[in-house]
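# Sequence and predicted structure, then a few things I'm wondering about:
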Amino acid sequence: MITAACWAPICGLNDEDVVLSPLPLFHSYGLNLSVLSVLASGQRAHPGRFSPDKVLELFAVRKYSVFPGVPTMFHYLLQRSQEAGVNRLGGTRLCISAARSCRLH
């Protein structure tokens with residue numbers, strides 16, 4: 001399976017990872033990473049709609065190790081976490097963006 005040969009080794013995905021994925025499943029990025037790679041690597045996933053407040057809440061109460069997103073999501077999440085005084089996203093070891101590069105200003 002292409003996702004097992006691509007996302008899993010590139011990101012070091014393994015069966016202990018828990019993915020918090022706000023990606024839409026009608027798009028190839030969301031489908032390939034959040035569904036097919038999770039199945040191929042034996043991970044667990046928590047899908048849902050993106051809301052910076054909801055994501056911060058989930059990171060505070062549950063252990064997620066991987067967070068895929070797009071630059072706009074990361075921008076809003078960073079902005080909201082700074083406003084809320086949040087320094088760390090729980091036990092997250094990897095945030096992935098498959099869109100244009102992310103820059104912090």
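Arrived safely, thanks for sending. Numbers count the residues shown, from 1 in each chain.
# In stretch 59-72, which residues are buried?
Residues of stretch 59-72 classed as buried by neighbour count (16 or more other Cβ atoms under 10 Å): 59, 64-70. Using the backbone N, CA and C atoms, a C-beta is placed for each residue, glycine as well.
# from the residues you listed, which ones fall inside helices?
The members of the buried residues of stretch 59-72 that map onto helices under DSSP state H are Phe59.
# Nearest spatial neighbour of the most centrally placed residue in the chain, chain-adjacent residues omitted?
Centroid-nearest residue in the chain: Phe67, 1.6 Å away (criterion: Cα atoms, centre = their mean). Excluding its sequence neighbours, the residue lying closest to Phe67 (Cβ to Cβ, 6 or more residues apart in numbering) is Cys95, at 4.8 Å.
# helix or strand for that neighbour, which one?
strand 94-97 (DSSP states H and E).
# what packs against that strand?
If contacts are counted by 3 or more Cβ pairs under 8 Å, 6 or more residues apart in numbering; DSSP states H and E, strand 94-97 sits against strand 66-69, helix 71-84.
# So, low pLDDT: which residues of this structure?
1-5, 99-105 (pLDDT under 70).
# That one: strands as residue ranges?
Assigned by DSSP state E, the chain shows strands spanning 18-21, 44-47, 66-69, 94-97.
# right, and the ones you listed - which one's nearest Cys6?
For those, proximity to Cys6 was assessed by Cβ to Cβ; strand 94-97 is nearest, at 12.0 Å.
# The closest one: which residues count as buried?
For strand 94-97, burial by neighbour count (16+ other Cβ under 10 Å) applies to 96-97.
# Over to stretch 13-31?
13, 17-23, 29-30.
# got these as JSON lines, with distance to Phe74 columns?
Shown next, in JSON lines, are the buried residues of stretch 13-31 (distance: Cβ to Cβ, whole Å):
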{"residue": "Leu13", "distance to Phe74": "19"}
{"residue": "Asp17", "distance to Phe74": "19"}
{"residue": "Val18", "distance to Phe74": "19"}
{"residue": "Val19", "distance to Phe74": "16"}
{"residue": "Leu20", "distance to Phe74": "13"}
{"residue": "Ser21", "distance to Phe74": "14"}
{"residue": "Pro22", "distance to Phe74": "11"}
{"residue": "Leu23", "distance to Phe74": "12"}
{"residue": "Tyr29", "distance to Phe74": "14"}
{"residue": "Gly30", "distance to Phe74": "15"}
